[in-house]
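Colleague: Need the 3D shape of this:
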Amino acid sequence: MINAIADLPEGLTLHADADHFEFIIRNLLSNAIKFSYEGGAITIGAKLPSPEEAVLSVADQGIGISPDQQAVFLTSNLKVNFGTKKEQGSGLGLLLIKDFIKANQGRIWLESEPGKGTRFYVAMPAAQ
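Modeller: Predicted coordinates for the structure are as follows:
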């Protein structure tokens, strides 16, 4: 079992295409589950660091991403990775979410430590 923790402020709204946003969140959550260890936790968070920008995060306590893989994260390279139960991932989902985030005037970045987990951040325009 993997636990889910939500840290979401009330009333936070974004300006984004609804279908794009749903795909982004679904893909990040799917990856967090795929690369998490049994008994770990996934945290979904959001904050409004400025009136113009909302930042969402999806964090896991999984296998993490090596520094080499992090260095090529924002390139267009597809790379096959395997989850904690040997599920295969191609990286196509991350390529698509990068395109969707860019189309919505957003940005994405990550923090990761091998063996400890990964946190993806997505910044998008806040609804005015």
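
Colleague: May I see the buried residues of the longest helix along the chain?
Modeller: Criterion DSSP state H: the longest helix present in the chain is helix 18-34. Under the neighbour-count criterion of 16 or more other CB atoms under 10 Å, helix 18-34 has 20-21, 24, 27-28, 31-34 buried. The C-beta positions use only the backbone N, C-alpha and C, and glycine is treated the same way.

Colleague: Can you tell me which of the residues you listed is nearest Val58?
Modeller: Using CB to CB, Leu28 comes nearest to Val58 of the buried residues of helix 18-34, at 4.2 Å.

Colleague: which one is that closest one nearest to, not counting chain neighbours?
Modeller: Nearest non-adjacent residue to Leu28, counting by CB to CB, 6 or more residues apart in numbering: Val58, 4.2 Å away.

Colleague: Could you do Ile5 as well?
Modeller: Thr43 (4.6 Å).

Colleague: go on, Ser30?
Modeller: Ranked by CB to CB, 6+ apart and with sequence neighbours excluded, the top spatial neighbour of Ser30 is Gly93, at 7.2 Å.

Colleague: Can you verify my assumption that that neighbour contacts Ile24?
Modeller: No. Contact criterion CB atoms under 8 Å: Gly93 and Ile24 do not qualify, at 9.4 Å.
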